[in-house]
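**Student:** structure, please.
(chains A and B)
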Amino acid sequence: MSDLPQGYTSYPKRREGYDHDLFEWSNIHQRAPVRWHGDTSVAVWLCVSLEWFPIVPDGPFKAPGHMVTPYPDYRHYTARDYGNRVGVWRMLEAFEKAGVKASFATNAAIAERYPELITAIQSAGHEIIGHSTDMNGTIDSSLSEDAERSLIADSLDRMEAAAGVRPKGWLSIARQQSFHTLNLLKEQGLSYCCDWVNDELPYRFTNGLLNLPLNHELSDRQIITVQQKSADSWGESMRDAFDWLAREAQSQNSARILPVHLTPYIMGLPYRIGALEELLGDLSARNESWFASGQDIVDAWESQQ
Amino acid sequence: MKENAPDPGLYDYHPYNARAKVAWPEGKTCAVWVAPNLEYYEIDPPIHPKRNPWPHPAPSVVGYSHRDHSNRVSHWRMAEVMSKHGFPGSVSLSVALCQHHPEVVQDGVDRGWEFFSHGIYNTRYSYDMTEAQERAIIEDSIKTVQEATGQRIRGWLAPALTHTTRTLDLLAEYGFDYTCDLYHDDQVQEVKVAQNGPKQPLASIPYSLEVNDHYGFFVYNMSGREYADTLVRQYERLAAEGEKSGTVMCIPLHAYLIGQPHRIGPFEEALEHIANDGRAWLARAGEIVDCWRNQVR
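**Tutor:** Coordinates of the predicted model:
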């Protein structure tokens, strides 16, 4: 046993507020009330991740869902791409049937490789959010600032070239950032990111960028893939969440967001898609619900600040 | 404990079926205490050689911001349903929260909650601390909580459940009454500590890993409803057995887990069930330890 250095028990950032300056503390229950479109109280934000996994993993860390077996991992390469070929089309149909709009956090490589999919998303009026280049485009503090700047710029440039639109929102792979990310996203002209899961309403970072929290605990990846629950159990949790948020919004005379983070190769499977369709049917019939894209929610929130 | 001994020598063996009954007030059969962990995790802590706090190089965005959800959103959700159904909290506190977010600590004070120490930060681990370092975190905890809440802390849950072989002896020396770090029983038990000078006993109060919300959601992968059902089953069994033995049930919580919108509703139903049952003594940790101590002296 060797002793710890003396500095291990000194605390230079022990002070009022956070141990960083990225954003300020605030209690959601004491903020000025907000309301959504048509005086609804729960914005249901569908966010679909569109992911292309190169069969050779690379980047600072391996993205969730990436290759598992020794090369060549046909099993995972193809099972992930199933979402882009089949699963997402089921989702698009489900959204159309329910009459709801969604956001699609999309790798630039998806737009380049699968233009039919991008056309369908855009013609249905859904939003495209930047989601790096491909699933090797992870970010963490082991990247140099220049390399990270190039990665973000490259992903946005390629998306613009392929889809004709430059996203205003950004979702990092696995929601992972470096200490440079917020400034680089701002520098690239983005207006919001979805990575910080510490809140249930939008808030503003110190540098002016907005955070629209995309609760990872409510994602199909977390509930179905990590916690191994059934699609019905996922649906039950989403209804329980909606019910609680609607009651809380009413008691505080304010509004809340239910983020529904979907992955086509997870929720788009034949035996699971029905649970999504049922949920969309139920929630779209609720008086309290407003189905909105990330940008719609951010705009509504900003207009009330 | 005995350094390097195969049995750390923390307690004597007392079979469950051969004990005097512990009586709780008003004939209640199960003492139920709720232990919210009010924590602060640092965004960029020093790395301990034996344990890295975060899965990514700082900032580990999901890890940090998930825990921060407690201090912006879910603490109040959890605390409100506890207060509504008559459950006081006994807080496992990262004492630096008194500096970072005094509003959260004050909310517990206003609700009449008890505070004990869970270390300075939940990102600082006690393994391999020198005696001077360990004394420093104990003295810091006593002073910090006294200043923020007016309470002299009586209990300890090691930061991130990390210990040295001298921790429990030091707690007894500093006059602590209970530790939450031992999981060997469903009743309060005596802890064997080094007795240097006047006798300063230390009790072990049942905390729980098994029905801790962290285990429920991330070890056993329960849904919110399955976890609520687990709490009810745990309670029903302990309340029934407690007629003969006098049991303790702890509900250890983290607001960023139990206070998520899909879990808090079912959790409230479990609390309501326990509160309405009639056999539960809804108490603070210190009250439970005192009640037990008065019967074993």
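
**Student:** which stretches of the chain form helices?
**Tutor:** As the question left the chain open, I've gone with chain A. A:74-82, A:88-98, A:108-113, A:115-123, A:145-163, A:181-187, A:220, A:231-251, A:264-267, A:273-284, A:294-302 (DSSP state H).

**Student:** that's the wrong chain, I meant chain B
**Tutor:** Under DSSP H, chain B gives helices at B:61-69, B:75-84, B:97-100, B:102-110, B:131-149, B:167-173, B:213-218, B:224-241, B:255-258, B:264-277, B:285-296.

**Student:** highest mean neighbour count out of those helices?
**Tutor:** helix B:255-258 (a mean of 26; mean count of other C-beta atoms under 10 Å in any protein chain shown). Bear in mind the C-beta positions are built from the backbone N, C-alpha and C, glycine included.

**Student:** touching it from outside, list them.
**Tutor:** Around helix B:255-258, the neighbours that count as contacts under C-beta atoms under 8 Å, 6 or more residues apart in numbering or on different chains are B:36, B:38, B:66-70, B:74-75, B:77-79, B:213-214, B:217-218, B:263-264, B:267.

**Student:** how about that helix as PDB, C-alpha atoms only?
**Tutor:** Below are the C-alpha coordinates for helix B:255-258, written out as PDB (Å, rounded to 0.1, in the frame of the first residue of the first chain):
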ATOM      1  CA  ALA B 255     -32.700  11.600  -6.800                       C
ATOM      2  CA  TYR B 256     -31.200  11.400 -10.300                       C
ATOM      3  CA  LEU B 257     -32.400   7.800 -10.400                       C
ATOM      4  CA  ILE B 258     -35.600   7.600  -8.400                       C
END
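
**Student:** let's test this: mean pLDDT of that helix, rounded?
**Tutor:** Helix B:255-258 carries an average pLDDT of 98.

**Student:** stretch B:203-221 now?
**Tutor:** When pLDDT is averaged over stretch B:203-221, the result is 97.

**Student:** please see if it touches chain A.
**Tutor:** Yes. Stretch B:203-221 reaches chain A (C-beta under 8 Å from any C-beta of the partner chain) through B:217, B:221.

**Student:** give me the distance between the two termini of that stretch.
**Tutor:** 32 Å (C-alpha to C-alpha, to the nearest Å).

**Student:** how far does stretch B:121-135 sit from its chain's centre?
**Tutor:** Relative to its parent chain, stretch B:121-135 has a centroid offset of 18 Å by C-alpha atoms, centre = their mean, to the nearest Å.

**Student:** stretch A:185-202 now?
**Tutor:** Centre-to-centre, stretch A:185-202 and its host chain are 10 Å apart (C-alpha atoms, centre = their mean).

**Student:** which residues touch residue 55?
**Tutor:** Just going to use chain A. By C-beta under 8 Å, 6+ apart, the residues touching residue A:55 are A:67, A:71-73, A:77.

**Student:** not what I meant, chain B
**Tutor:** residue B:63.

**Student:** that one and residue B:246, how far apart?
**Tutor:** Counting by C-beta to C-beta, to the nearest Å, the gap from residue B:55 to residue B:246 is 42 Å.

**Student:** coming back round to it: as TSV, the helices of chain A with distance to chain B and mean pLDDT would be great.
**Tutor:** Formatted as TSV, the helices of chain A follow (distance: least, C-beta to the nearest C-beta, whole Å; pLDDT from 0 to 100):
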stretch	distance to chain B	mean pLDDT
helix A:74-82	21	98
helix A:88-98	20	98
helix A:108-113	21	98
helix A:115-123	26	98
helix A:145-163	13	98
helix A:181-187	9	98
helix A:220	13	98
helix A:231-251	4	98
helix A:264-267	16	98
helix A:273-284	12	98
helix A:294-302	16	98
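
**Student:** could you dump these into CSV and include distance to residue A:25?
**Tutor:** Below are these laid out as CSV (distance: least, C-beta to C-beta, whole Å):
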stretch, distance to residue A:25
helix A:74-82, 38
helix A:88-98, 36
helix A:108-113, 35
helix A:115-123, 37
helix A:145-163, 27
helix A:181-187, 17
helix A:220, 31
helix A:231-251, 20
helix A:264-267, 34
helix A:273-284, 31
helix A:294-302, 18
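
**Student:** just send those back as JSON lines, with mean neighbour count too.
**Tutor:** Below are those laid out as JSON lines (neighbours: other C-beta atoms under 10 Å in any protein chain shown):
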{"stretch": "helix A:74-82", "mean neighbour count": "15"}
{"stretch": "helix A:88-98", "mean neighbour count": "19"}
{"stretch": "helix A:108-113", "mean neighbour count": "22"}
{"stretch": "helix A:115-123", "mean neighbour count": "15"}
{"stretch": "helix A:145-163", "mean neighbour count": "17"}
{"stretch": "helix A:181-187", "mean neighbour count": "20"}
{"stretch": "helix A:220", "mean neighbour count": "26"}
{"stretch": "helix A:231-251", "mean neighbour count": "20"}
{"stretch": "helix A:264-267", "mean neighbour count": "26"}
{"stretch": "helix A:273-284", "mean neighbour count": "18"}
{"stretch": "helix A:294-302", "mean neighbour count": "20"}
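
**Student:** which one of these lies closest to residue B:100?
**Tutor:** When the helices of chain A are compared by C-beta to C-beta, helix A:181-187 sits nearest residue B:100, at 20.4 Å.

**Student:** report the contact partners of whichever residue of the stretch 1-150 of chain A sits closest to chain B.
**Tutor:** Chain B sits closest to residue A:141 of the stretch 1-150 of chain A, with a gap of 4.1 Å, by C-beta to the nearest C-beta. By C-beta under 8 Å, 6+ apart, the contact list for residue A:141 reads A:178-179, B:56-59.

**Student:** dump the residues you listed to TSV, plus neighbour count, distance to residue B:93 and pLDDT.
**Tutor:** Shown next, in TSV, are the contacts of residue A:141 (neighbours: other C-beta atoms under 10 Å in any protein chain shown; distance: C-beta to C-beta, whole Å; pLDDT from 0 to 100):
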residue	neighbour count	distance to residue B:93	pLDDT
A:178	23	31	98
A:179	16	28	98
B:56	22	27	95
B:57	18	28	96
B:58	19	24	97
B:59	24	24	98
